[in-house]
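A.B. asks: what's the 3D shape of this:
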Amino acid sequence: MKNLSSYKSKIKQLNSVKELLTIFDSFNTYAQKLESSYKQLQERVKKIDREMAYTNECLNKKVLELDNQTRFLNSILGSMHSGVIAVDNDGIIMTFNNVAESTLNVVAEDVLGKDIRSALSHIGGFVDLLLESMSKNEKIDNLKRIIEIDNDVTRNIESSISILKDDRGVITGFVEIFHDLSEICELKGRLNSASDLVSVGTMAASIAHEIRNPLNGIEGFASLLERELEGDSLRLIKHIIKGTKNINKIVTDLLFLARPIKLNLRKDELPNIIDKALLFVDQELGYKGCRNIQIEKDYENFDDFIYCDSDRLQQAFLNILLNAIQSMPEGGKIKIFTRKSTAKDIPVMQVGFVDTGDGINNGTIKKIFEPFFTTKDDGTGLGLAIVRKIIELHDGRINIFSGPEKGTTIMVNLPGNHNDLLSISSETNYLSSNVFV
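C.D. replies: Just a heads-up that it's a prediction; the model follows:
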């Protein structure tokens, strides 16, 4: 009996060992499967890593290619001579190139990402055309118009608007390309003025001799009668003499505009020339009894000279000053200033004449330098035409900034001394200022 119990115990132990061996076999089997799965997973990870590396390489190439294309497109936009503005369907500004900045006097960083309606609303007449194209989904070709920049500065531009579409033909935005035609329009105006002056010159040259001979005779006989007459008759004779002198001056002005003029160039300083013109202004004010006009001088402290015909420039400055006086019948103030500046790295001597008169409207400013255009009942319309000719003979420029009841600023830019480039300061903001300080 004892042997039987021992035998059963051994059988039981043997079964436990077999079960344990079975468990170990199962564990080994699962361990081998796990090891195999792990190796497969490692291989898969390596494959994924290789695929990711290739994908990243392709992506980097695409990014680099896109970056190069972006730089190339920006380079094209930056080198264009036209302004380019692109907006999306909501009117958000996406592109604003360098020419658009300079033409519209706007910094790109200030408007990119903003609604064009608010970002450029201060530029009169500019946004309307693009908004019209967006509302109608229509392109616009070569439309000329006038826009108004800050400080009442106008520019003539020509615009074309195109519609941007994606590969499926869906509209994604609009782009406006515009050219600044202001200089071209100014040159056309000068050519028209030159053509007018040729006609005037032909007429003046043909009739000057016929007019002057009788005029001299009339003035001579009137001077003889002046010695013998008195009372009302003497007053009438004086009117005749004054009238003949006025006619003679008109003929002289016409001939000046029409004939080629050779300047007598020599060294001189702008303050000296202005002061000589002011001597005649003082005489004119004393003759007319005008003591309610103040003249203020603000000459920049520099000793530079310019090559010029002093007498001609003095005549031009005198005409400008007399016009300023006539614009202030109730009195006022005239400020004269000189400044040194640069224009495209070229030294410029600036002379400004600022008055507190009634001002000039835009329509008049455009015609102010045309021969025979005048707003005065007794004017000939030749004074400012002569001024412009004298300034342009000196390779200079003259500009007028004005507005009703804002006074008038006349700015004369003359070539400076080219040997003094380093000492020239940046251009001052006197160009559009009508305020006395």
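
A.B. asks: Could I get the full set of strands for the stretch 251-400 of the chain?
C.D. replies: Along the stretch 251-400 of the chain, counting by DSSP state E, counting those that start in this stretch, strands occupy 266-268, 293-299, 306-308, 332-343, 346-355, 397-402.

A.B. asks: Need those in CSV (columns: mean neighbour count, distance to I240 and mean pLDDT).
C.D. replies: The way it works is simple: take the backbone N, C-alpha and C, and place the C-beta from them, glycine included. Formatted as CSV, the strands of the stretch 251-400 of the chain follow (neighbours: other C-beta atoms under 10 Å; distance: least, C-beta to C-beta, whole Å; pLDDT from 0 to 100):
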stretch, mean neighbour count, distance to I240, mean pLDDT
strand 266-268, 13, 39, 89
strand 293-299, 14, 31, 88
strand 306-308, 20, 38, 88
strand 332-343, 19, 34, 86
strand 346-355, 22, 34, 87
strand 397-402, 19, 36, 87
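
A.B. asks: With respect to L187, which of the ones you listed lies nearest?
C.D. replies: strand 397-402 (12.5 Å; C-beta to C-beta).

A.B. asks: tilt between the closest one and strand 346-355?
C.D. replies: Inter-element angle recorded for strand 397-402 and strand 346-355: 30 degrees (by axes from the mean of the first three to the mean of the last three C-alpha atoms, to 10 degrees).

A.B. asks: Using CSV, write down the CA coordinates of strand 397-402.
C.D. replies: What follows is strand 397-402, C-alpha atoms only, in CSV (Å, rounded to 0.1, in the frame of the first residue of the first chain):
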residue,chain,number,x,y,z
ARG,A,397,12.2,123.2,-62.6
ILE,A,398,9.3,125.2,-61.2
ASN,A,399,6.3,123.8,-59.3
ILE,A,400,3.3,125.3,-57.7
PHE,A,401,1.4,123.9,-54.7
SER,A,402,-1.8,125.7,-53.8
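
A.B. asks: Mind listing the strands it pairs with, and their directions?
C.D. replies: Its sheet considered, strand 397-402 pairs with strand 408-415 (antiparallel) by DSSP bridges.

A.B. asks: CA atoms only for the strand it pairs with, dumped as PDB, please.
C.D. replies: Provided in PDB are the C-alpha atoms of strand 408-415 (Å, rounded to 0.1, in the frame of the first residue of the first chain):
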ATOM      1  CA  THR A 408       0.400 129.400 -52.600                       C
ATOM      2  CA  THR A 409       3.900 127.900 -52.600                       C
ATOM      3  CA  ILE A 410       6.100 128.300 -55.700                       C
ATOM      4  CA  MET A 411       9.200 126.100 -55.600                       C
ATOM      5  CA  VAL A 412      12.100 126.700 -57.900                       C
ATOM      6  CA  ASN A 413      14.800 124.000 -58.200                       C
ATOM      7  CA  LEU A 414      18.100 125.000 -59.900                       C
ATOM      8  CA  PRO A 415      21.200 122.900 -60.500                       C
END
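
A.B. asks: Would you mark the buried spots in stretch 246-264?
C.D. replies: Using 16 or more other C-beta atoms under 10 Å as the test for burial, stretch 246-264 gives 247-248, 251, 253-254, 256-258.

A.B. asks: one step back: now the strands of the stretch 251-400 of the chain as a markdown table including distance to G383?
C.D. replies: Listed next are the strands of the stretch 251-400 of the chain as a markdown table, based on distance: least, C-beta to C-beta, whole Å:
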| stretch | distance to G383 |
| --- | --- |
| strand 266-268 | 23 |
| strand 293-299 | 18 |
| strand 306-308 | 20 |
| strand 332-343 | 16 |
| strand 346-355 | 14 |
| strand 397-402 | 13 |
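
A.B. asks: among those, which is nearest L234?
C.D. replies: Nearest to L234, of the strands of the stretch 251-400 of the chain and by C-beta to C-beta, is strand 293-299 at 32.1 Å.

A.B. asks: any idea how far that closest one is from the chain center?
C.D. replies: Taking C-alpha atoms, centre = their mean, to the nearest Å, the mean C-alpha location of strand 293-299 is offset from the chain mean by 29 Å.

A.B. asks: So which residues make contact with it?
C.D. replies: For strand 293-299, contacts defined as C-beta atoms under 8 Å, 6 or more residues apart in numbering pick out 270-271, 274, 278, 281, 285, 325, 328, 331-338, 436.

A.B. asks: how many degrees apart are that strand and strand 332-343 in direction?
C.D. replies: Put simply, strand 293-299 runs at 20 degrees to strand 332-343, going by the same axes, to 10 degrees.

A.B. asks: Show me what strand 293-299 pairs with in its sheet, parallel or antiparallel.
C.D. replies: Sheet pairing for strand 293-299, assigned by DSSP bridges, gives strand 332-343 (parallel).

A.B. asks: And the buried residues of stretch 246-264, which is closest to E148?
C.D. replies: Checking the buried residues of stretch 246-264 against E148 with C-beta to C-beta, the nearest one is L257 at 31.5 Å.
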